[in-house]
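Participant: Here is a sequence together with a model predicted from it:
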Amino acid sequence: MIAGRLGTAFAGFAAVLVIVGSAWAQAPQNLRGEVKSVEAGKVMLAERSGETLTLNLKDETPIGVLAPAKKEDLKEGQFLAITAMPMPDGKLKAQVIQFFPPGVRPAPGHRPYDLAPGSTMTNADVEGVMGAGGGAEIKVKYPDGEKTVVLAPDTAFIAVAPPDKSQLRPGAHVFAVGQKQADGSYNVVRISVGKDGMKPPI
């Protein structure tokens, strides 16, 4: 039962990770920052841009929780979301490896991402894990391509944790996706909270 809830929560959250593009004014935006207050369906967010934003949440707004994971959890056959930077040799240097529950496979493919200038998001199956100590590189495959991903010492590993609305509180760090409104606030589509103060690296 818990696995089913986690899969549903993560599938919803993961689907929004591919929301990037040029028409930001017309599309949901990725928002990252620290929660300053939570009250009556509104979250005040100190966004990484330096702005303080108002996020509007409905009762049914999904609230996910992200927790640290380990490199040793990597194995063939997994479906991952990989945030990375392209390297000159065509490989990807992984910034974040994100684990999905079994059966959850949102938006396979390789595309630009907005974590940092030039970063990419690759949602793909692990075809191979190579190297000593659990794998210095992984091969991943998606419907129209494949990539070699280099795991660096600073690569972050995260996974979904059981849903817990109490984690959404002042001082928490969140990743949210929201649609900007005429008054400057954002109607939140999804929001995920770092467990016990963890800063989501996505």
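Facilitator: Received the coordinates, thanks.
Participant: pLDDT weak spots in this protein?
Facilitator: 1-26, 132-135 (pLDDT under 70).
Participant: 80 - rerun?
Facilitator: 1-26, 131-135 (pLDDT under 80).
Participant: Surely residue 160 touches residue 101?
Facilitator: Yes. Using CB atoms under 8 Å, residue 160 is in contact with residue 101, at 6.5 Å. C-betas here are computed from N, CA, C, even on glycine.
Participant: out of the two, which sits in the busier spot?
Facilitator: residue 160 (25 against 18; other CB atoms under 10 Å).
Participant: Now name the helix or strand holding that one.
Facilitator: Using DSSP states H and E, residue 160 falls within strand 145-161.
Participant: Who are the contact partners of residue 116?
Facilitator: 85, 95 (CB atoms under 8 Å, 6 or more residues apart in numbering).
Participant: quick thing: my sequence starts at 29, can you match it?
Facilitator: With 29 as the first residue, the last one maps to residue 144.
Participant: Helix, strand, or coil at it?
Facilitator: Look at residue 144: counting by DSSP: H, G, I helix; E, B strand; the rest coil, its state is coil.
Participant: Roughly how far does it sit from residue 111?
Facilitator: Remark: distance between residue 144 and residue 111 (CB to CB, to the nearest Å) = 9 Å.
Participant: and for those two, which residues touch both?
Facilitator: Common neighbours of residue 144 and residue 111 (CB under 8 Å, 6+ apart) are residue 123.
Participant: What are the contacting residues of the helix or strand hosting residue 204?
Facilitator: Secondary structure assignment for residue 204, by DSSP H and E: strand 201-208. The contact list for strand 201-208 (CB under 8 Å, 6+ apart) reads 44, 47, 53, 55-63, 71, 73, 83-84, 94, 196, 214-222, 225-228, 230.
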